[in-house]
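Participant: sequence first, predicted coordinates after that:
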Amino acid sequence: MSLNIFMQQLVNAASLGSLYALLAIGYTMVYGILRLINFAHGDIFMLSTYIAFYAMTSFLLPWYISFAIAIILTILFGILLERGAYRPLRNSPRISIMISAIAASFLIENLAIVIFGGRPKAFPSVPAFSKIISISGVSTSSISVIIPIVTFIVLILLGYIVNQTKMGMAMRAVSKDYEAARLMGINVNTVISFTFGIGSGLAAIGGVMWGLKYPQLIPLMGLMPGLKCFIAAVVGGIGDIKGAVIGGFILGFGEIMIVAVSAFLPYDLSGYRDAFAFVLLIAILLLKPSGIMGKSSVEKV
Amino acid sequence: MKRKISLFLVILLMTSAFLFGCGTSEPESEETGGEEEVIKIGVFEPFTGANAAGGALEKEGIELAHELYPEVLGKQVEVVYVDNKSDKVEAANAARNLVDKEQVAVVLGSWGSSFSMAAGPIYQEAQVPAIGTSCTNPLVTLGNEYYFRVCFIDSFQGVVMANYAYNEAGAEKIAIIQEISNDYSVALSQIFQNEFIELTGDENAIVSVSNYNTGDQDFTAQLTSIKELGADAIFAPGNFTESALLMKQAKELGIDIPFLGADTWETPEVIDIGGDAVEGAVFSTFFDSAVPLTDETTVFLDAYKAKYGEDKEPAAVTALAYDAYILALDAIERAGSTEGPAIRDALAATENFPGAAGIVTLDENGDAVKSAIIKTIENGEFTYKSTVEPF
C-alpha cells in the first residue's frame, strides 16, 4: 500500500468514524440514564435528513437555516418520542420498554415509507461542502474534512455540558443512581428529556452531514447505521461517552481497513465489510463484556 | 425476571397462533365470492426499499398496458400489485400471497433478478406462469419451466459490455466493483470477466474485483484501492442508488476513468443522485424511444406521452413491463383458458410477438432473444449510442 493510498484511506476512515461516533453517543447517553437501548435512534437520524431535505427542496430555504430547522425539529421529536413511547413505561419491566422502543422504530420506518415514499431521494448538494480538495494525491470532498472537525467541536461542547454545567451534573447523578438523584431534588423527567434532546440533536447533526456525504435518502437508511452505532456503543462500553466515540472510530477504521487490506490478500474480504461490526461485537462480548471503557459492575440479582 | 420473560414468550406464542389461525381461514371465504368474473394478473415488483425506483418505472408500463388492453377472453383484467420490498425473503412471501390468496392467472415481474429467483420455485410449484420484466440473470428461467421473460439475459449483456469496453472504449485493463449480495450483479460481472479476458488474451486484464453489499453507502475504501492499479475503466454492475453514490465518490477521490454498467442504471435516480459525476457513464439496456422497433412501439410511445407528458421519455424497463403485460394477455388468448399449464404452453410457443421493446421470440429456456442498446449519460440525459444485435 503506497503512502498516498494509506493517507487516502485514513481520510476516508476518519470521516466515516466521526459519523458513527456521533450516532453512537446518542445510544450510550440514553442507556447511561435509563438503561434503555433506544432502537428508534437510527430512525430519528433518518428523519433529520428528510427534514433537511424537505426544508431545502420544498421550502427552498438556504442550507444553514434548513440544517438548523432539521436539528431543532429532530430534538423536539426525540423528546416527544420519550414522552409518548418510553415515559409511560418507565416503571414497567425493562423488557416492556425495550419492546416499545422496537415498536417505535418500526412505526417511524413504516410511516416514513408511507409519507416520504419508497423511492430514494437525492439530497441537494451544497456547493460549499461538495468542493473537491486535493492535496498531493489525496483527494476528497470538503464535507469529508468538515465532518471530523464538526464532530470534534461537538464533542468538546458535549464534554463541557456533561462535566461543567448543572444539568450535566444532574445527568451524571441520575445515571449513577436514579432513586437517590430524585431524593436529592433532581427533576428526573427534565434530565431525561434533556438527554433525549441531546442524543437526537447529535443524531441530527450526524444525519445532515451523512446526507451531504452520501446524498441518497431512503426511509430505511437509519437501519444499518443505527445497528452499527449501537454496536460501536457496546464496544466502547455502553453508558460511557468517550467509549462511544472510541467505538465509533474503531468501527469506521475497521470497516475501511478491511476493504483496504483485502486488496492485497489472495481472497477478497471486501464483501464482509458489514460483518466486521458484528464480529467485533461478538469478540468484545466474549473478551470484555463491559466494553473498552466500561467499568465492570456486579449486577445484584 | 426469568418468569416474566417466559410469560412474555407464552403470550407471544398464543397471539401468533391466533394470528396464523386467522390467516389460513381467509382464502376459503375468498373462494366463495365468484372469482370467475375477472381474470387476475399479479404484478410482483419492489415498490419500497432500495429498488423502489425500478418497481415504480415498471408499474408505469403495466398501468399503461392495462388501460389500453383492459380485457381478455371477454373478461375484465384485474391487476393485483404486491410489493416484494427489495428483499429476498419478502419476495417469497409476496409470491405466496399472489399464488395462494389472490390466485392470479399469470405473474409479471420483477425488477431485480434476486427477487424473481426467490419466487421462481413458488410459481413453479403452484403452476402459475410468470413473465419476467427486466430480471436478466440466466438462473431465473433456467430449470424453471414456468418462468419466462421478455428481456435478454446477462450472458448476452455481459458479453456486449465486454466487447464495448475492448473495442469501443479501447480499454486494456478493467477494475470491477460488484454488489456481492445481488445475483444479477455477480453473474454479470463473471460473464464480463470471462469475455474480457478472452478478448484481450491477457490473464491479468481484470486488475481487481472488489465487493460491496446492497444498501452500502460508503465505497471510498474500495475505490481508493483501485486508484493506483492503472485500470482504464471500471465495470460496476449493480443497483442504481449504490452505483450513483459509487460514481459520485469516485469523482471526489479524483478517479476520472469511465464507468461501465448495465440495464439497472437507466433510472432517473442515477442522474438525480449522481449529478455531474455520472456524466459519460456507459451502460447497456433494452430499448430506446429514438429507435422504434415495431408498430407496438408507436402505440406505446403515443400512449405514454399522452399519459405522462410530451417531454418525458419512457425508460426501457417501462417498455418491457408493458410487453410483459401484453404478452400475458396474448398467451391467455392463445391458450383460451386461465389454467396455468395451458398458459404456460402458449407462452413457451411464443414466436415473433411484436412488443414495444422489440420482437419477442422465446428460446427453449423461456428467454427472449433481443438486441441490446448501448446508452451513455450526456448533459444529465440518457443518450442513445448504438445497437448490438444478438449473436
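Facilitator: All right, it came through fine. Numbers count the residues shown, from 1 in each chain, chains lettered A, B, ... in the order given.
Participant: quick one: secondary structure of the residue most central in space within chain B?
Facilitator: With distances taken as Cα atoms, centre = their mean, chain B has residue B:111 as the residue nearest its mean C-alpha position (2.6 Å). Residue B:111 falls in the coil class when you classify it by DSSP: H, G, I helix; E, B strand; the rest coil.
Participant: do residue B:128 as well
Facilitator: Secondary structure assignment for residue B:128 (three-state DSSP): coil.
Participant: hang on, the earlier thing: how about the contacts made by the residue nearest to the centre of chain B?
Facilitator: B:45, B:46, B:51, B:54, B:55, B:57, B:58, B:133, B:134, B:135, B:317 (Cβ atoms under 8 Å, 6 or more residues apart in numbering or on different chains). The way it works is simple: take the backbone N, C-alpha and C, and place the C-beta from them, glycine included.
Participant: leaving out the residues flanking it, which one is nearest to the third one?
Facilitator: Sequence neighbours aside, residue B:86 is the residue nearest to residue B:51 in space, at 4.2 Å (criterion: Cβ to Cβ, 6 or more residues apart in numbering or on different chains).
Participant: in the stretch 51-200 of chain A, which spans are helices?
Facilitator: A:63-81, A:94-116, A:127-130, A:142-164, A:166-176, A:178-183, A:188-213 (DSSP state H, counting those that start in this stretch).
Participant: so what's residue B:172 closest to, chain neighbours aside?
Facilitator: Residue B:172's closest residue in space is residue B:232 (Cβ to Cβ, 6+ apart), at 5.8 Å.
Participant: ok, how many other residues are close to the one you found?
Facilitator: Using other Cβ atoms under 10 Å in any protein chain shown, residue B:232 has 17 neighbouring residues.
Participant: so for residue A:275, what's the pLDDT?
Facilitator: According to the per-residue confidence, residue A:275 scores 88 in pLDDT.
Participant: for residue B:16, same thing?
Facilitator: 50.
Participant: retrieve the pLDDT associated with the closest residue to residue B:70 other than its chain neighbours.
Facilitator: Using Cβ to Cβ, 6+ apart and skipping the chain neighbours, the partner closest in space to residue B:70 is residue B:77 (5.8 Å). Listed pLDDT for residue B:77 reads 94.
Participant: can you say which helix or strand has residue B:77 in it?
Facilitator: Under the assignment given by DSSP states H and E, the secondary-structure element containing residue B:77 is strand B:75-83.
Participant: quick one: the next helix or strand along the chain from that strand near chain A?
Facilitator: As assigned by DSSP H and E, the chain's next helix or strand after strand B:75-83 is helix B:88-96. No. Judged by Cβ under 8 Å from any Cβ of the partner chain, helix B:88-96 and chain A are separated, with a smallest distance of 12.2 Å.
Participant: tell me what angle helix B:88-96 forms with strand B:75-83.
Facilitator: Between helix B:88-96 and strand B:75-83, the angle formed by their directions is 160 degrees, by axes from the mean of the first three to the mean of the last three Cα atoms, to 10 degrees.
Participant: re the thing from before, can you tell me which of the helices of the stretch 51-200 of chain A is most buried?
Facilitator: Comparing those on average neighbours per residue, with mean count of other Cβ atoms under 10 Å in any protein chain shown, the densest one is helix A:188-213 at a mean of 24.
Participant: check which helices and strands that helix sits against.
Facilitator: helix A:3-34, helix A:41-57, helix A:63-81, helix A:142-164, helix A:166-176, helix A:178-183 (3 or more Cβ pairs under 8 Å, 6 or more residues apart in numbering or on different chains; DSSP states H and E).
Participant: now the angle from the fifth one to helix A:142-164?
Facilitator: Spelled out, it's helix A:166-176. Computed with the same axes, to 10 degrees, the direction of helix A:166-176 lies at 80 degrees from that of helix A:142-164.
Participant: show me what helix A:166-176 is packed up against.
Facilitator: Partner elements for helix A:166-176 (3+ Cβ pairs under 8 Å, 6+ apart): helix A:3-34, helix A:142-164, helix A:178-183, helix A:188-213.
Participant: can you rerun that using 7 Å?
Facilitator: helix A:3-34, helix A:142-164, helix A:188-213 (3 or more Cβ pairs under 7 Å, 6 or more residues apart in numbering or on different chains; DSSP states H and E).
Participant: how about the residues of the stretch 101-250 of chain A that lie near chain B?
Facilitator: In this structure, the stretch 101-250 of chain A approaches chain B at residues A:113, A:118-120, A:122, A:125, A:132, A:134, A:139-141, A:214-216, A:218, A:220, A:224, judged by Cβ under 7 Å from any Cβ of the partner chain.
Participant: wait, the residue nearest to residue B:70 touches residue B:66, no?
Facilitator: Yes. Between residue B:77 and residue B:66 a contact is recorded at 6.5 Å, counting by Cβ atoms under 7 Å.
Participant: circling back to that earlier point, residue contacts, the residue nearest to residue B:70?
Facilitator: Taking Cβ atoms under 7 Å, 6 or more residues apart in numbering or on different chains as the criterion, residue B:77 is in contact with B:38, B:39, B:41, B:66, B:70, B:71.
Participant: now the buried members of the contacts of residue B:111.
Facilitator: Among the contacts of residue B:111, those buried by neighbour count (16 or more other Cβ atoms under 10 Å in any protein chain shown) are B:45, B:46, B:51, B:54, B:55, B:57, B:58, B:133, B:134, B:135, B:317.
Participant: just checking, which of the contacts of residue B:111 belong to strands?
Facilitator: Judged by DSSP state E, the subset of these located in strands is residue B:45.
Participant: export the contacts of residue B:111 to TSV and tack on pLDDT?
Facilitator: What follows is the contacts of residue B:111, written out as TSV (pLDDT from 0 to 100):
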residue	pLDDT
B:45	94
B:46	93
B:51	86
B:54	89
B:55	91
B:57	90
B:58	93
B:133	93
B:134	90
B:135	91
B:317	91
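Participant: could I get the contacts of residue B:111 as CSV with distance to residue B:275?
Facilitator: Below are the contacts of residue B:111 laid out as CSV (distance: Cβ to Cβ, whole Å):
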residue, distance to residue B:275
B:45, 27
B:46, 24
B:51, 21
B:54, 20
B:55, 24
B:57, 20
B:58, 25
B:133, 28
B:134, 25
B:135, 29
B:317, 22
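Participant: helices - which of the contacts of residue B:111 land there?
Facilitator: B:54, B:55, B:57, B:58, B:317 (DSSP state H).
Participant: and the furthest pair within these?
Facilitator: Largest separation among the ones in helices among the contacts of residue B:111 by Cβ to Cβ: B:55 and B:317, giving 9.5 Å.
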